[in-house]
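S.K.: Next come a sequence and a model predicted from it.
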Amino acid sequence: SAVLSDCWGSTAGEAHSNELIVATAGVTTKWSLTGAEGPFDLDVQPSFATPGIYTNWCELTAAGKETLVLRGIVGLRAADGDYYVAADGDDKTGLGTADRPFATPEKALANVRDGYGVRIGAGKYKTFGLVLDRAVALVGDESDPSRVVLDAGQLGRTLKIADEAVRVSGVTIKGGFASSGANVYMTAGVVSNCVLTGGNGSDNGGNAYVGGGQIVDSQILNGSARRGGGAAVSGRGRILRCLFKGNSVTDSGGGVSINGSGVVESSFFTGNSGRYGSGVQLDSMDARLVNCTVAGNAAGYGSASQVWNETNGGNALNCVVVGGYYIKKGTISYCALDLTPREETTGTKSSDHNVTVDSSIFEDTTAYRPKKGTDLQGKGSNLGYSAHAVSTTDYEGSPRRQGARIDIGHIELPPKDGTLLFVR
């Protein structure tokens with residue numbers, strides 16, 4: 001038998017249930033109903049001619065009596081396929097279809113089968129504790145992620161991802177609260193074209209903890225934590241082509257903290273703050289910051305305001321660093337550095353193949369987009385990029401690399417001589 005646990009109503013004609021039931025063609029099912037004046041037994045055995053997911057409607061024939069009859073099927077949808085959520089949807093009467101959507105992501109995720117997606121319409125959804133641990137997709141508005149908002153309201157972590165086939169795109173994920181990865185805690189999967197904002201992590205990763213999988217082409221904003229205000233990247237986690245802005249820490253890594261074998265590439269860090277390394281903290285010899293621009297961040301520790309290579313080391317390659325760095329162990333190489341004082345301690349691996357720049361090489365000091373013909377062009381390490389990076393495009397989506405040698409920084413410009421050499 002099957003149990004319909006979502007019945008309500010206490011007078012004749014009112015008791016009904018809208019729980020979705022998966023039915024198989026030709027198979028009879030005896031229903032047991034709870035709720036209203038129940039529990040009741042329904043002594044009918046409807047046979048479904050078409051397999052699918054049904055919404056069932058039951059009628060109470062007399063108030064207070066235990067006689068129920070099945071009035072009929074009021075909805076049918078295929079068991080397979082994507083499920084839809086809308087701000088004006090209904091978890092009781094909806095079918096999860098485009099014309100009869102659910103009201104919450106939770107309801108859709110409870111019903112969607114592996115290999116399909118949950119498509120969320122414009123609106124703000126109060127939700128926390130979502131877990132994606134199987135092959136499903138969560139899709140909002142790809143053209144404007146700000147139109148679809150998942151807001152945890154500081155009640156808990158917004159989203160956890162734990163399957164390599166998970167895809168999340170086109171949504172704003174905000175208001176999470178947790179020790180690590182308050183908005184997104186992921187060990188696998190891909191988050192793309194999203195906005196992560198306002199996450200509060202008491203330890204590492206205010207907006208995100210990336211222990212595996214990737215965050216791609218997204219904005220990571222206004223997060224706070226002890227370390228990694230925007231994100232903490234560890235294990236084999238990776239962040240590509242993202243903006244880190246407005247994040248803060250009480251300790252180190254205002255924008256991001258990278259350890260393990262984590263990699264952040266082709267990203268832009270500005271407007272972040274922290275005591276040590278307001279832009280980036282590198283805290284593992286295998287940690288990599290590749291073709292990023294770190295500028296316009298504010299730190300509380302003297303001149304070492306942008307990139308902080310911690311005791312355990314780390315490597316910055318092909319990066320623009322404007323505002324000083326501290327390197328205790330590890331390397332900063334093939335980078336463009338301004339004349340801000342920087343600190344290197346005894347035993348540090350020497351910084352090499354770097355160029356000195358000033359603010360005149362940028363179109364402005366807000367977006368830090370380089371002017372064509374500057375020393376950032378063709379001065380990076382091709383070998384280093386191919387060894388550690390995976391992206392074939394820069395922060396703006398232009399091909400990497402376009403000349404004989406890769407550029408330094410988050411943006412790749414056409415070569416000085418005008419000859420394009422696209423290498424993928």
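M.R.: Everything's here; your move. Numbers count the residues shown, from 1 in each chain.

S.K.: from here on, contacts and neighbour counts on C-alpha atoms
M.R.: Fine.

S.K.: Give me the neighbour count for residue 236.
M.R.: 18 (other C-alpha atoms under 10 Å).

S.K.: Bridging across strands, which residues link to residue 124?
M.R.: Beta bridges link residue 124 to residue 149, judged by DSSP bridges.

S.K.: Does it touch residue 148 like I think?
M.R.: Yes. Using C-alpha atoms under 8 Å, residue 124 is in contact with residue 148, at 6.1 Å.

S.K.: Can you get me a residue count around residue 365?
M.R.: Neighbours of residue 365 using other C-alpha under 10 Å come to 14.

S.K.: and residue 386, that one's in a strand?
M.R.: No. Secondary structure of residue 386 (DSSP: H, G, I helix; E, B strand; the rest coil): helix, not part of a strand.

S.K.: how far away is it from residue 400?
M.R.: Between residue 386 and residue 400 the computed distance is 10 Å (C-alpha to C-alpha, to the nearest Å).

S.K.: more crowded one of these two?
M.R.: Between residue 386 and residue 400, residue 400 has the larger neighbour count (other C-alpha under 10 Å), namely 25 against 11.

S.K.: Quick check: bridge partners of the most centrally placed residue in the chain?
M.R.: Centroid-nearest residue in the chain, with C-alpha atoms, centre = their mean: residue 191, separated by 4.1 Å. Counting by DSSP bridges, residue 191 forms beta bridges with residue 168, residue 215.

S.K.: Identify the residues contacting it.
M.R.: Counting by C-alpha atoms under 8 Å, 6 or more residues apart in numbering, residue 191 touches 167, 168, 169, 214, 215, 216.

S.K.: Next one, pLDDT for it please.
M.R.: We have a pLDDT of 98 for residue 191.

S.K.: State the phi and psi torsions of residue 185.
M.R.: Per-residue torsions, residue 185: phi -120, psi 110 (degrees, to the nearest 10).

S.K.: how much space between it and residue 152?
M.R.: Distance of residue 185 to residue 152, given as C-alpha to C-alpha: 14 Å.

S.K.: With residue 199 instead?
M.R.: Taking C-alpha to C-alpha, one finds residue 199 at 9 Å from residue 152.

S.K.: Looking at residue 124 and residue 148, which one has more neighbours?
M.R.: The neighbour comparison of residue 124 against residue 148 (other C-alpha under 10 Å) goes to residue 148, with 25 against 15.

S.K.: Neighbours of the residue nearest to residue 357 when sequence neighbours are not counted, how many?
M.R.: Distance criterion C-alpha to C-alpha, 6 or more residues apart in numbering; nearest residue to residue 357, sequence neighbours excluded, is residue 338 at 4.9 Å. Residues lying near residue 338 (other C-alpha under 10 Å) number 17.

S.K.: ok, back up a step: farthest-separated two in the contacts of residue 191?
M.R.: Pairwise distances among the contacts of residue 191 were taken by C-alpha to C-alpha; the largest, 11.9 Å, belongs to 169 and 214.

S.K.: check which helix or strand covers residue 108.
M.R.: Here residue 108 sits within helix 105-111, counting by DSSP states H and E.

S.K.: Each with direction, which strands does the helix or strand just after that helix pair with?
M.R.: The helix or strand immediately downstream of helix 105-111 is strand 117-120, counting by DSSP H and E. Strand 117-120 sits in its sheet next to strand 83-85 (parallel), strand 137-139 (parallel), going by DSSP bridges.

S.K.: Give the buried residues for the last one.
M.R.: Neighbour counts using 16 or more other C-alpha atoms under 10 Å place 137, 138, 139 of strand 137-139 among the buried residues.

S.K.: now stretch 91-107
M.R.: 91, 93-98, 100-107.

S.K.: Run the chain-centre distance for that stretch.
M.R.: Distance of stretch 91-107 from the chain centroid (C-alpha atoms, centre = their mean, to the nearest Å) equals 24 Å.

S.K.: In ChimeraX, select just the buried ones from the contacts of residue 191.
M.R.: Applying 16+ other C-alpha under 10 Å to the contacts of residue 191, the buried members can be selected in ChimeraX as follows:
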select :167,168,169,214,215,216
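
S.K.: and of the contacts of residue 191, the nearest to residue 365?
M.R.: For those, with residue 365 as the reference and C-alpha to C-alpha as the criterion, the closest is residue 216, at 24.3 Å.

S.K.: for the closest one, what are its contacts?
M.R.: Residue 216 makes contact with 190, 191, 192, 193, 239, 240, 241, 242, according to C-alpha under 8 Å, 6+ apart.

S.K.: just checking, the fifth one touches residue 218?
M.R.: Spelled out, that is residue 239. No. If you go by C-alpha under 8 Å, residue 239 and residue 218 don't touch, sitting 9.1 Å apart.

S.K.: Looking at these two, which is more packed in?
M.R.: residue 239 (27 against 24).

S.K.: Can you say which helix or strand has the more buried one in it?
M.R.: Per DSSP H and E, residue 239 falls inside strand 238-240.

S.K.: Does anything pack onto that strand? Which helices or strands?
M.R.: If you count contacts as 3 or more C-alpha pairs under 8 Å, 6 or more residues apart in numbering; DSSP states H and E, strand 238-240 packs onto strand 214-216, strand 263-265.

S.K.: Skip ahead from the first one and say which helix or strand is next.
M.R.: Using DSSP H and E, the helix or strand that follows strand 214-216 towards the C-terminus is strand 219-221.

S.K.: what does that following strand contact?
M.R.: Under the criterion C-alpha under 8 Å, 6+ apart, residues 193-198, 207, 230-231, 242-247 lie in contact with strand 219-221.

S.K.: From the chain's centre, how far out is it? Work that out for me.
M.R.: Relative to the centre of its chain, strand 219-221 is centred 10 Å away, using C-alpha atoms, centre = their mean.

S.K.: Using CSV, write out every CA atom in the helix or strand following that strand.
M.R.: Beyond strand 219-221 on the C-terminal side, the first helix or strand identified by DSSP H and E is strand 224-227. Extracted C-alpha coordinates of strand 224-227, given in CSV (Å, rounded to 0.1, in the frame of the first residue of the first chain):
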residue,chain,number,x,y,z
SER,A,224,33.4,37.4,6.0
ALA,A,225,35.4,34.8,7.9
ARG,A,226,38.5,34.3,9.9
ARG,A,227,40.4,33.2,6.8
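
S.K.: Parallel or antiparallel, which strands does the helix or strand following strand 224-227 pair with?
M.R.: Following strand 224-227 in sequence order, the next helix or strand is strand 231-233 (DSSP H and E). Taking DSSP bridges as the criterion, strand 231-233 pairs within the sheet with strand 208-210 (parallel), strand 256-258 (parallel).

S.K.: Can you say which of those strands is packed in most?
M.R.: strand 256-258 (a mean of 32; mean count of other C-alpha atoms under 10 Å).
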